[in-house]
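Asks: Structure of the sequence below:
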Amino acid sequence: MRAVVLADTHLHPGSRRGLPDAALAQLERADVVLHAGDVVTGDLLELLETYAPTSAVLGNNDHDLVGRLPETLVLDLAGVRVGMIHDSGPRRGREARLRRRFPDADLVVFGHSHIPWNAPGLDGQWLLNPGSPIQRRSQPHHTVATVDLAEGRIVATDIVVVDPPDTSSTKR
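Replies: Numbers count the residues shown, from 1 in each chain. As a prediction, the model looks like this:
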């Protein structure tokens, strides 16, 4: 099973921008989509559902989705327990904090910082922040993540660069 993981899309209704083509290409290969918050609009959830079944958690900018999205979520995907939350808190103490919050999760997906994170946590738990495909902020690239799962184990995780094409021109 392939999960495509997004967070911090911040796509406001009426926005002229959308997900980069490279992110859409990743979604084409998804068996499931996970969104770790700051979806902002239900329209994006509907779009993601056209690619694969989608689960999402509430982000601090998801004002219009209060009551529609949970603050945390625990899923079983291909026998792997996946915990989801938007804000994992400060970097210091993150591993212990997420282990306490999701004691039975094999994988914890989070967002909020826009900083990609793909690393072990405590006691075999894996922590994954896909970064943002839209607002890279201080990061060098726009990113999403992929997770391959099979038979109760995490087979592979990856941070995928989805930078939109450079549309700037030096011609005059």
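Asks: now stretch 143-159: mean pLDDT?
Replies: Stretch 143-159 shows a mean pLDDT of 98.
Asks: ditto for stretch 59-76
Replies: 96.
Asks: Could you give me the buried positions within that stretch?
Replies: 59, 61-62, 65, 69, 73, 75 (16 or more other CB atoms under 10 Å). From N, CA and C alone the C-beta is placed, and that goes for glycine too.
Asks: now, among those residues, which is nearest to Gly124?
Replies: Leu75 (17.9 Å; CB to CB).
Asks: Identify the bridge partners of the closest one.
Replies: Beta-bridge pairing for Leu75 (DSSP bridges): Val82.
Asks: the bottom helix or strand of this structure by mean pLDDT?
Replies: When the helices and strands of the chain are scored by mean pLDDT, DSSP states H and E, helix 42-49 comes last with a mean of 94.
Asks: ranges for the helices of this structure?
Replies: With helices called from DSSP state H, the chain shows them at 21-28, 42-49, 94-101.
Asks: helices or strands up against the last one?
Replies: Same thing as helix 94-101. Helix 94-101 sits against strand 80-87, strand 107-111, strand 126-129, with contacts defined as 3 or more CB pairs under 8 Å, 6 or more residues apart in numbering; DSSP states H and E.
Asks: Any chance of a markdown table for those strands, columns distance to Gln139, mean pLDDT and mean neighbour count?
Replies: Conversion of the helices and strands packed on helix 94-101 to a markdown table gives the following (distance: least, CB to CB, whole Å; pLDDT from 0 to 100; neighbours: other CB atoms under 10 Å):
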| stretch | distance to Gln139 | mean pLDDT | mean neighbour count |
| --- | --- | --- | --- |
| strand 80-87 | 17 | 98 | 22 |
| strand 107-111 | 13 | 98 | 28 |
| strand 126-129 | 11 | 98 | 24 |
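Asks: could you redo those strands as a markdown table and give each row distance to Ala22?
Replies: Shown next, in a markdown table, are these (distance: least, CB to CB, whole Å):
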| stretch | distance to Ala22 |
| --- | --- |
| strand 80-87 | 23 |
| strand 107-111 | 19 |
| strand 126-129 | 18 |
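Asks: who wins for proximity to Val32 among the ones you listed?
Replies: strand 80-87 (9.4 Å).
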